[in-house]
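J.: This is the structure alone, sequence omitted:
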């Protein structure tokens with residue numbers, strides 16, 4: 001099993017906008033497609049993508065998946081917004097029998113999730129991708145279920 005954990009791209013903080021509704025800023029709009037290209041080039045691409053329903057995560061997800069060779073099944077999951085890592089493990093345990101899944105969500109819970117699943121602490125800046133592999137089914141996801149393969153933070157190029 002391959003799990004791609006991605007923190008949403010850089011978001012804006014406009015006045016009067018609730019946290020849930022915050023959009024991506026210009027850098028986020030550049031970095032999310034760069035992350036999608038990195039995933040495509042370092043495949044395999046996810047067959048299922050589970051995203052937080054928050055605007056910045058959904059937009060990140062949309063920009064990432066447009067760069068993939070095939071459109072994955074997309075799910076918006078309320079439990080990826082504001083819930084602890086143990087709740088995200090429950091989401092993983094409910095996944096269908098596919099090889100590669102991607103989660104798009106928020107910090108600090110994504111750092112907590114990677115630490116729980118691998119025993120390794122990583123810093124998940126905006127647009128950071130952590131790739132984990134496990135040899136047991138999704139239904140058995142839990143403490144030390146996977147190993148950490150890669151952590152990267154693809155960045156888009158600013159217009160000249």
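T.: Ah, there it is. No experiment lies behind these values; they were computed from the predicted model shown.
J.: if I look at residue 110, how far off is residue 75?
T.: Distance, residue 110 to residue 75, by CB to CB, to the nearest Å: 17 Å. For glycine as for every other residue, the C-beta is placed from the backbone atoms N, C-alpha and C.
J.: Number of residues surrounding the closest residue to residue 125 other than its chain neighbours?
T.: Among residues not flanking residue 125 along the chain, residue 153 sits closest, at 5.5 Å (CB to CB, 6 or more residues apart in numbering). Close neighbours of residue 153, defined as other CB atoms under 10 Å, add up to 16.
J.: Give the other helices and strands that the longest helix anywhere in the chain contacts.
T.: Counting residues, the longest helix found in the chain (DSSP state H) is helix 26-41. If you count contacts as 3 or more CB pairs under 8 Å, 6 or more residues apart in numbering; DSSP states H and E, helix 26-41 packs onto helix 55-65, strand 129-133.
J.: that older thread, looking at residue 110 and residue 75, which is more packed in?
T.: Using other CB under 10 Å, the more surrounded residue of residue 110 and residue 75 is residue 110, with 24 against 17.
J.: which outside residues touch the host helix or strand of the more buried one?
T.: According to DSSP states H and E, residue 110 maps onto helix 109-118. Applying CB atoms under 8 Å, 6 or more residues apart in numbering, the external contacts of helix 109-118 come out as 3, 5-7, 83-86, 88-89, 103, 120-124, 130, 132, 134, 141-148.
J.: so where's the chain shaky on pLDDT?
T.: Applying pLDDT under 70 to the chain flags the ranges 158-160.
J.: try it again with 50
T.: Across the chain, residues meeting the criterion (pLDDT under 50) sit at 160.
J.: quick revisit: for the longest helix of the chain, which positions count as buried?
T.: Residues of helix 26-41 classed as buried under the neighbour-count rule (16 or more other CB atoms under 10 Å) are 27, 28, 29, 30, 31, 32, 33, 34, 35, 36, 38, 39.
J.: Among those, find me the one that's closest to residue 17.
T.: Nearest to residue 17, judged by CB to CB, of the buried residues of helix 26-41 is residue 28 at 14.5 Å.
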